[in-house]
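Visitor: Below: sequence and its predicted model.
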Amino acid sequence: MASYADREAFIPYRRADIIQICIEDGRLAPEQIPLFQDFCTILSAYYHVQSQKLLETLKDAFTPFNPDIDTRIRNNPTAEVQQQMEQQLVQAFEKVLKQANYTPLSSDDLQGAFASESLITLKTSVDFDDYEHVIFYFRGDNYTTATVKKWGFKKVEIEIDNLERVALLLKFKDSDHFLARKHKIEELSFTPGKMYIYLYKNVPRSDLEILFPNVKVRMNWKDRLLFIVPALVAASQLLIKIVPSLLIIAGVIALVTLGTDAAAWFSVDQRTMSNVLPVLITALTIGMTLGGFAFKQYTSYKHKRLQFLKRVTDTLFFKNLVTNAGVLYTLIDAAEEEECKEIILVYYHLLIAEQGLSREALDNAIEQWMETRLDARIDFDIGKTLRNLEALQAPIGPVQSDGNAGMTHVALLQTDTQGIHRVLPLSEANAVMDYIWDNIFQYTSPTLDELLSDSR
């Protein structure tokens, strides 16, 4: 069973497309096609119900942390209960992301991304101490090219590592943390103690820091040198020219402002003044030139800072897909799609394999099929999918008075002692799925006929 460092488990086709391509593959008999479609339909319906249960859990846990909530909270949770809800939300959120085949990005990975040079060369920093939780996942990693200027004039083409989807959950610390750091709460761009959940598209890995609300922008080393060095050179030139003539300069000022009597104290007359003026003019010219260059570099930095802020605005506006509670709905749908596609692919490939397949052979068959049929190179998550498929089962045998006693269960996936996997034929598989669907909700009550007869 091959493992690929440059592939993801994400299946880049819709569930409906996968079903249709399986049918178009030509391996199913004509009479099997409607049964296969029925299997996919009831499987999708079952996973939709299961996903809704998880969505309700996420929504309930997110309520006290939602900065956009527009409904009233009937009973505010205690600090202990709120902490439990926070942990429940974080765990459920990561579970959904993994089901949707997102990949986690660790703190070390984030720091590495921050250290890489962005398209706009500014120094940025993010204070992770402001957060209680930082959960960062991505899905889809590709490379694009862009043309940028180096040293202000040379155009070069660079390769950009681009993340197609980025999911981010941030839990800020409470107000006490920010008050202790002398921050004014009303001036913050976020609400302390709340959670912010984002979903972005097409974000360069080198620009990940702009997704954090507390990002700060500073000059990089090149901007600082270009700003400070000219200022120091200008100051040194002025000092070299002026220090030996400080008394003369003071006398010139006295001559101009107070007259010849005051200038006599400094031994300065019209002739001395005519000799020192060229020195002053030269020194001032050098100072103004270098000072002007320093000012130009400062305005260049300010321009780059505005470019960076515009990039932040563009990212937050054009690349933001959904925010906060909306992210939960979107990710639940994505997880539902992924798990259904995975089960459909495994069931289909075992269905058309008359002798069954080992775990490794099945994994390779699906990956090869995806690459050949759809030009999609994936690292299929065979372990998770086999567990999900095996969990779909129904009891068989006589019904006993004490419920399931004396009954056995049959699963969609069968595995023999040699590790060979097989699946139930379509008619039996649909019977199992029909039983599962009928028993999603267990409600023991009189039948409708019994209720109607009692009312008579």
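Guide: Thanks, I have it. Note that this is a predicted model, so its numbers are computed, not measured.

Visitor: Just confirm Ile343 is within a strand.
Guide: No: secondary structure of Ile343 (DSSP: H, G, I helix; E, B strand; the rest coil): helix, not part of a strand.

Visitor: From His421, how far out is Phe65?
Guide: As judged by Cβ to Cβ, to the nearest Å, Phe65 and His421 stand 43 Å apart. Quick note: C-beta positions are derived from backbone N, CA and C, even for glycine.

Visitor: ranges for the helices of the stretch 51-200 of the chain?
Guide: For the stretch 51-200 of the chain, the helices defined by DSSP state H, counting those that start in this stretch occupy 79-99, 107-115, 175-180.

Visitor: Quick check: which of those is buried the most?
Guide: Among those, helix 79-99 has the highest mean neighbour count (mean count of other Cβ atoms under 10 Å), at a mean of 16.

Visitor: by contact count, what packs against it?
Guide: Contacts defined by 3 or more Cβ pairs under 8 Å, 6 or more residues apart in numbering; DSSP states H and E place helix 79-99 against helix 32-62, strand 131-150, strand 154-172, helix 325-351.

Visitor: re earlier: go through the helices of the stretch 51-200 of the chain and name the closest to Gly383.
Guide: helix 79-99 (12.2 Å; Cβ to Cβ).

Visitor: per-domain residue ranges of the protein.
Guide: Domain segmentation of the chain under automatic domain parsing yields 15-60+328-438, 102-218, 221-304.

Visitor: that older thread, so which of the helices of the stretch 51-200 of the chain comes closest to Asp6?
Guide: Closest approach to Asp6 among the helices of the stretch 51-200 of the chain (Cβ to Cβ): helix 107-115, 15.8 Å.

Visitor: could you give the mean pLDDT of the closest one?
Guide: Helix 107-115 shows a mean pLDDT of 78.

Visitor: Quick one: the strands in the stretch 351-456 of the chain, in order.
Guide: For the stretch 351-456 of the chain, the strands defined by DSSP state E, counting those that start in this stretch occupy 357-358, 393-396, 408-411, 413-415, 420-423.

Visitor: who does the first one touch, helix- and strand-wise?
Guide: What it means is strand 357-358. Applying 3+ Cβ pairs under 8 Å, 6+ apart, we find strand 357-358 packed against strand 420-423.

Visitor: which outside residues touch the strand it packs on?
Guide: Contact partners of strand 420-423, identified using Cβ atoms under 8 Å, 6 or more residues apart in numbering, comprise 347, 350-351, 355-359, 362, 386, 389, 412-416, 429.

Visitor: tell me the average confidence for that strand?
Guide: Mean pLDDT, computed over strand 420-423, is 97.

Visitor: hmm, back to that, restrict the contacts of strand 420-423 to the buried ones and give me that as a ChimeraX selection.
Guide: Selection of the buried residues among the contacts of strand 420-423 in ChimeraX, burial being defined by 16 or more other Cβ atoms under 10 Å:
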select :347,350,351,356,357,362,386,389,412,413,429
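
Visitor: Low-confidence ranges, this structure, go.
Guide: Along the chain, segments meeting pLDDT under 70 span 1-3, 117-123, 148-153, 218-298, 300-305, 307-309, 311-312, 314-315, 397-407, 443-456.

Visitor: is the residue at minimal distance from the centre of it in a bridge, and if so with what?
Guide: Centroid-nearest residue in the chain: Val166, 2.5 Å away (criterion: Cα atoms, centre = their mean). Beta-bridge partners recorded for Val166 (DSSP bridges): Phe138, Tyr200.

Visitor: roughly how far apart are it and Thr385?
Guide: Distance, Val166 to Thr385, by Cβ to Cβ: 25 Å.

Visitor: likewise Phe128?
Guide: Separation of Phe128 from Thr385 (Cβ to Cβ): 35 Å.

Visitor: of those two, who's got more company?
Guide: Thr385 (24 against 13; other Cβ atoms under 10 Å).

Visitor: give the contact list for the more buried one.
Guide: Glu339, Glu342, Ile343, Leu345, Val346.

Visitor: from those, which is closest to Phe10?
Guide: Nearest to Phe10 out of the contacts of Thr385 is Glu342 (Cβ to Cβ; 10.5 Å).

Visitor: Check the burial of the closest one by counting its neighbours.
Guide: Glu342 has 24 neighbours, counted by other Cβ under 10 Å.

Visitor: ok, now Glu8?
Guide: Glu8: 20 surrounding residues under other Cβ under 10 Å.

Visitor: Could you double-check that it sits in contact with Asn142?
Guide: No: Glu8 is beyond contact range of Asn142, at 10.5 Å (criterion: Cβ atoms under 8 Å).

Visitor: Verify the stated contact: Asn66 with Tyr196.
Guide: No: Asn66 is beyond contact range of Tyr196, at 9.5 Å (criterion: Cβ under 8 Å).

Visitor: so how far is Lys216 from Thr299?
Guide: Distance of Thr299 to Lys216, given as Cβ to Cβ: 20 Å.

Visitor: Ok, Tyr329 next?
Guide: 32 Å.

Visitor: Check Ala411 too.
Guide: In this structure, Ala411 and Lys216 are 55 Å apart, going by Cβ to Cβ.

Visitor: Neighbour count for those two, which is higher?
Guide: Legend: neighbour count by other Cβ under 10 Å for Ala411 and Lys216, higher for Ala411 (15 against 11).

Visitor: Tell me which residues touch that one, please.
Guide: Contact analysis of Ala411 by Cβ under 8 Å, 6+ apart lists Leu389, Glu390, Ala391, Leu392, Gln393, Val432.

Visitor: With Ile420 as the reference, measure out to it.
Guide: Going from Ala411 to Ile420 by Cβ to Cβ gives 15 Å.

Visitor: do Leu55 as well
Guide: According to Cβ to Cβ, Leu55 stands 37 Å off from Ile420.

Visitor: Kindly report the same for Phe136.
Guide: Distance from Phe136 to Ile420, by Cβ to Cβ: 40 Å.

Visitor: Those two: who's more crowded?
Guide: Per other Cβ under 10 Å, whichever of Phe136 and Ile420 has more neighbours is Phe136, with 22 against 17.

Visitor: What residues does the more buried one make contact with?
Guide: Pro104, Leu105, Leu110, Val166, Ala167, Leu168, Leu208.
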